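Novice: I need the structure of the sequence given here:
(one chain, ligands or ions: 3)
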Amino acid sequence: MMKAMILAVSVTAAAANANIRITEYMYSGTGGEFIEITNLGHSAIDLTGWSYDDDSRTPGSVMLSGVLGRGRSLILTEDSEATFRAAWGLGLNVLVVGNVTHNLGRADEINIYDAGANLIDRLTYGDQVFPGTIRTQGRSGNPGNPGAIGTNDIASWVLSFVGDSFGSWTSTRGDIGNPGTHIPSPGAAALLCIGGLVATRRRR
Ligand SMILES: [Ca+2]
Ligand SMILES: [Ca+2]
Ligand SMILES: [Ca+2]
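Specialist: Numbers count the residues shown, from 1 in each chain. Ligands and ions are numbered 1, 2, ... in the order given. This next block holds a predicted model:
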C-alpha cells in the first residue's frame, strides 16, 4: 500500500516536472545572452536541486533555485541579475539566475535537469548545422507553435520582433525579446481552453 502510494507520488512529480519547458533563448546580444524556462503546468514547482547545462550535458553544472508558480518563467543569463532586470524592465515575479558561465554559442544545446538529474527538456540548435533555422543574435527565439515546445524541434522556432504574438519589446541595449513572460500561441491557448473545459466538466 505504502509502496504504491510512494510510486504514485513520484509518478505525479515526474509528470509535473515535464511541465517545465524551454520557451525562449538568445545566444548572443548587445546585452547578455539568456534562456527562459516556463512552468506550463497547473501547480507550482520547487526548482531546488534542478540544473542547467549547455552541450556538455552534465546535470549540476548551473544550479537553479526558487519556486516557479503556474505560468511563471525563470531566466538564466550571463548578465548579473540586476543588470538583466534593469535592461528588460523585469519585476520580481520573474525568477532570474545571473552570472551563468556555461554560455551558449552559435551552435549549442540547452539542457534542463530536475533534482533527480533527469533530463526534463532539451533544445539543440545551430543555423549552420541545421540550415534554415533561426540565428538568435540580438533577438530571441520562441517556439512558433505548440508542437515546438518540449520536442527539441528547432525548425519550428521563430525569431522575436516588436509587435509579435509573444509580446516582444526592445531592451535598453537594443535586443529584442520577451524574457520573463510566455504568451502561448493562439493554437496553444485554444487547446488549453478546451482542456480546461473538459477538466471542469469532469469535476462536475
Ligand atoms: Ca553567447
Ligand atoms: Ca556552450
Ligand atoms: Ca518569453
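Novice: Which positions in this protein make contact with ligand 3?
Specialist: Within the chain, the positions adjacent to ligand 3 are Glu24, Glu36, Asn178, His182 by CB under 5 Å from the ion. Every C-beta, even on glycine, is put in place using the N, C-alpha and C of the backbone.
Novice: Over to Val96. Which of the three states is it?
Specialist: At Val96, secondary structure determined by DSSP: H, G, I helix; E, B strand; the rest coil is strand.
Novice: Would you confirm that it contacts Glu78?
Specialist: No. Assessed by CB atoms under 8 Å, Val96 is found out of contact with Glu78, at 11.6 Å.
Novice: So between those two, which is more surrounded?
Specialist: More neighbours surround Val96 than the other of Val96 and Glu78, with 23 against 19 (other CB atoms under 10 Å).
Novice: Which residues are in contact with the residue sitting nearest the centre point of the chain?
Specialist: For the chain, the residue nearest the mean C-alpha position is Ile37 (1.9 Å; CA atoms, centre = their mean). Contacts for Ile37 (CB atoms under 8 Å, 6 or more residues apart in numbering) come out as Ile20, Arg21, Ile22, Thr23, Leu68, Ser73, Leu74, Leu76, Ile112, Asp121.
Novice: can you redo those as a markdown table with neighbour count?
Specialist: Output for the contacts of Ile37, formatted as a markdown table (neighbours: other CB atoms under 10 Å):
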| residue | neighbour count |
| --- | --- |
| Ile20 | 23 |
| Arg21 | 22 |
| Ile22 | 24 |
| Thr23 | 28 |
| Leu68 | 21 |
| Ser73 | 24 |
| Leu74 | 23 |
| Leu76 | 25 |
| Ile112 | 25 |
| Asp121 | 21 |
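Novice: Flag every residue of this protein that's near ligand 1.
Specialist: Within the chain, the residues that sit near ligand 1 (CB under 5 Å from the ion) are Tyr27, Ser28, Glu33, Asn103, Leu104.
Novice: Toward the C-terminus, what is the element adjacent to the helix or strand containing Val158?
Specialist: Using DSSP states H and E, Val158 falls within strand 157-159. Downstream of strand 157-159, the first helix or strand assigned by DSSP H and E is strand 169-170.
Novice: so which residue of this structure comes closest to ligand 2?
Specialist: Ranked by CB to the ion, the top residue of the chain for proximity to ligand 2 is Asp54, at 3.7 Å.
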